[in-house]
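A.B. asks: when you get a sec, could you give me coordinates for this:
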Amino acid sequence: MRRRMIAALLLAAAPMTIAPPAHAIFGIGDIVIDPSNLAQNILTAANTLEQINNQVKQLQNEADMLINQATNLVRTGYNPQAEINRLLNEISVLMDRARSISYVVSETDRLFQENFPEDYSTWSRTQMATAAEMQWVSARSAFNDTLLVQSQIVQTLKADTSSLDAMLAETAIAEGNLSVSQTGNQIAALGVKQTMQMQEMMAVQYRADALARARDLQIEREGREKLARFVGGASAYTR
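C.D. replies: Down below sits the predicted model:
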């Protein structure tokens, strides 16, 4: 459009030029003007201006793109990882301090075989009484461990609520894709933590139930053994 306007102005001014010389020039005082050079200079200036405008637009587009990229890479200012790890570690400590049968597989099997034997036929009355006492202690400790873990999980729910509130607040002011994604990952991590807590709580609960049931079975087995000894003779009260 700019070129067309300039060309139209030049055409309109053409009749005003002096025709005789091929290189007609105008003189005003000591200044000499060549119309052909003037037109060429105007066209060159117009082209240069258009190129500059295009370059400016390109730089503006690149700047906008960099700003958008920088915004998308903005991180959230809240990181709940340390708090999540701390709360999970507290529950793990409680699990490790279990006062009944251990949660280590090899240790669990050894202690269970010692406290809940399959056969009492060779055991003395004193040994059976000792075993019964250990079974009662194991069952009681297991229920106590269950209550401790459940209490700890309930306490962590308050901390989880605070963490979730902070995450949602960060989501509300998130400026870029990375911030939104990071906050989403944090909320997902909080959900995983709560799932792990529920699994741990179920483990201690099922464990306590299993030990209580095992104790009932052992009492039944011990009763049958004592009855067999009583029926077989007075040795049930002398061994």
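
A.B. asks: ranges for the helices of the chain?
C.D. replies: 2-13, 35-72, 81-96, 105-115, 125-172, 177-232 (DSSP state H).

A.B. asks: you'd agree I153 is up against M201?
C.D. replies: Yes. The pair I153 and M201 qualifies as a contact (C-beta atoms under 8 Å) at a distance of 5.6 Å. For the C-beta atoms, the positions are set from N, CA and C on the backbone; glycine is no exception.

A.B. asks: which parts of the chain belong to which domain?
C.D. replies: Per the record, the chain has its domains at 2-72, 81-237, by automatic domain parsing.

A.B. asks: and those, which one's lowest on average pLDDT?
C.D. replies: When the domains of the chain are ranked by mean pLDDT, domain 2-72 comes last with a mean of 58.

A.B. asks: and A159, how far from L190?
C.D. replies: Counting by C-beta to C-beta, to the nearest Å, the gap from A159 to L190 is 10 Å.

A.B. asks: try F143
C.D. replies: For F143, the distance to L190 - C-beta to C-beta - is 29 Å.

A.B. asks: what of D109?
C.D. replies: In terms of C-beta to C-beta, D109 sits 35 Å off from L190.

A.B. asks: between these two, which one's more packed in?
C.D. replies: Taking other C-beta atoms under 10 Å, D109 and L190 do not tie; L190 has more neighbours (17 against 12).

A.B. asks: that one and S163 touch, don't they?
C.D. replies: Yes. Look at L190 against S163 with C-beta under 8 Å: they come within range, at 6.0 Å.

A.B. asks: quick one: contacts for the closest residue to A142 other than its chain neighbours?
C.D. replies: Leaving out its chain neighbours, the residue that sits closest to A142 by C-beta to C-beta, 6 or more residues apart in numbering is A208, at 3.8 Å. By C-beta atoms under 8 Å, 6 or more residues apart in numbering, the contact set of A208 is A139, A142, F143, D145, T146.

A.B. asks: and of the residues you listed, the nearest to E222?
C.D. replies: For the contacts of A208, the residue nearest E222 by C-beta to C-beta is A139; the value is 14.5 Å.

A.B. asks: the closest one and L211 touch, don't they?
C.D. replies: Yes. At 4.8 Å, A139 counts as touching L211 under the criterion of C-beta under 8 Å.
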